[in-house]
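> Requesting a structural model of the entry that follows:
(one chain, ligands or ions: 1)
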Amino acid sequence: MNDAGHGFSTKAIHVGQDPEPRTGAVVVPIYQTSTFAQPRVGEHTGYEYARTGNPTRTALQECLAALEGTEAAVCFASGLAAEDAIFRTLAPGDHVVMADDVYGGTWRQIAQVHTRWGIEVTAVDLGDLDAVAAAMSPATKLVWAETPSNPLLKILDLAGLAAIAHEHGARLVADNTFATPYLQQPTALGADLIVHSTTKYLGGHSDVVGGAVCTDAETAEELAFLQNAVGAVPGPFDAWLTLRGVKTLGVRMDRHCDNAATIAGWLAEHPRVTSVRYPGLATDPGHELAARQMQRFGGMVSFQVDGGVDAAKAVAEGTRLFFLAESLGGVESLIEHPGIMTHASVAGTQLEVPADLLRLSVGIESVDDLLADLDRALDDATPE
Ligand code: P1T
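Okay, the predicted model is just below:
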């Protein structure tokens, strides 16, 4: 289907997903095959070998490109594999200006893996555009933004960052995992590459790990070359599960946003909560920018509790509906302690997160049950 002129959820359900021509199957098949028979030597149907390409993966790529408004998308075996491919486009001596609040694994990858091959990285508060301009050098090739950020939910000015990056001949990468294209379109704000952990809201059901980069056709071709040369491809069933999740992204995100807004407001009034980070709160430092840049404020809420790390751990271990687990973006609610879990690898660096911080991935359950669960865990956990 041509995506021109269609609304978001129409694209999510139809782009790349025309009925299968032979049988009329309305769902894109899982092409569970490693290779494709070729009519003649040197001729093929568009598919040769499943590392290079698979029709189920193609359907997902076309759909994600349409949702992000980019010319193309390349899907990977995980979000970190997608990021790895982007960093592999760099050469020794190239420099990356990286946000100072990103997923711990992103920082670990560039700081502990890619720097071995001569890539240089500086962590900068990308909320301070003067500091960003000061960090740029002729070697800077990428500015890497995550907004809302993981786990502090900082909001970054993508248009401002794109202007600085482009002025210095660099490109802006936006990790749109927390917002999703339903809530935020980085391309329209000037981002050059959009990276996703499709494991999260795009998949939406905590049953698949994957990643994607949405970008222009030329960059996508380079990434596809690197992927084929290196090998981190998603399997056809993973692509199918992700595509199935994407169809309901719009309805799920609205419910995630409703529930998160209710919970953030409730936490802000709770006597045992010392701070709440949610861009939807009028008092949040990122609120105004988020209101301009995003359609709504998302499903992630972080907060700090009275009583330090022990109280935080007790709350995380005390909820029942909120499962204690890493990851986010599924229909079920999750709670985690970033300092000890998802962001353990940034301990002792500029990216270290507060020890009393908890992160919620607010699911789409009945919100009264979620509030009751948090209320009981906070009551039980925090010292009198
Ligand atoms: O887990 P993977 O699919 O490889 O994606 C990595 C990744 C990239 N970008 C962001 C913003 C992320 O949050 C993640 C993964 N994050 C978690 C597993 C987590 O619990 O925060």
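> For my notes, confirm residue 213 occurs in a strand.
Yes - the secondary structure assignment for residue 213 places it in a strand, going by DSSP: H, G, I helix; E, B strand; the rest coil.
> Could you report the neighbour count for the closest residue to residue 82 other than its chain neighbours?
Counting by Cβ to Cβ, 6 or more residues apart in numbering, the nearest residue to residue 82 once its immediate chain neighbours are dropped is residue 211, at 3.3 Å. No exception for glycine: its C-beta is placed from N, CA and C like everyone else's. The burial count assigned to residue 211 is 27, neighbours taken as other Cβ atoms under 10 Å.
> likewise the one 3 residues further on?
For residue 214, the count of nearby residues is 30 (other Cβ under 10 Å).
> which ones are touching it?
For residue 214, the contacting residues are 64, 65, 68, 70, 72, 73, 187, 193, 194, 196, taking Cβ atoms under 8 Å, 6 or more residues apart in numbering as the criterion.
> How much space separates residue 129 from residue 165?
Separation of residue 129 from residue 165 (Cβ to Cβ, to the nearest Å) stands at 11 Å.
> can you check residue 32 too?
Counting by Cβ to Cβ, the gap between residue 32 and residue 165 amounts to 41 Å.
> Looking at those two, which is more packed in?
In terms of neighbours (other Cβ under 10 Å), residue 165 is the more surrounded of residue 32 and residue 165; the figures are 25 against 12.
> The more buried one is in contact with residue 171, isn't it?
Yes - applying Cβ atoms under 8 Å, one finds residue 165 in contact with residue 171, separated by 6.1 Å.
> quick one, strands of the chain?
With DSSP state E applied, the chain shows strands at 72-76, 95-99, 120-124, 140-146, 171-175, 193-197, 211-215, 273-277, 300-305, 323-324, 334-336, 357-361, listed in chain order.
> Count residues in the vicinity of residue 24, would you?
7.
> and the closest residue to the ligand within the stretch 151-300 of the chain, what are its bridge partners?
With Cβ to the nearest ligand atom as the measure, residue 197 is the residue of the stretch 151-300 of the chain nearest to the ligand, at 3.1 Å. Each beta-bridge partner of residue 197 is listed here, defined by DSSP bridges: residue 211.
> Out of the contacts of residue 214, which end up buried?
Buried residues within those, defined by neighbour count using 16 or more other Cβ atoms under 10 Å: 64, 65, 68, 70, 72, 73, 187, 193, 194, 196.
> Can you read off the pLDDT for residue 384?
Model confidence at residue 384, given as pLDDT, is 56.
> so what's the residue of the stretch 151-300 of the chain closest to the ligand scoring on pLDDT?
According to the model's per-residue confidence, residue 197 sits at a pLDDT of 98.
> any idea how far it is from residue 327?
As defined by Cβ to Cβ, residue 197 lies at a distance of 9 Å from residue 327.
> Name all residues that make contact with the residue of the chain positioned farthest from its centre.
Within the chain, residue 40 marks the point farthest from the mean C-alpha position, 41.8 Å out by Cα atoms, centre = their mean. Taking Cβ under 8 Å, 6+ apart as the criterion, residue 40 is in contact with no other residue.
> How about residue 271?
If a contact means Cβ under 8 Å, 6+ apart, then residue 271 has residue 306 as its contacts.
> wouldn't residue 376 be in contact with residue 315 here?
No - under the contact definition of Cβ under 8 Å, residue 376 does not touch residue 315, with a separation of 10.1 Å.
> Residue 327 and residue 246, how far apart?
The span separating residue 327 from residue 246 equals 17 Å under the rule Cβ to Cβ.
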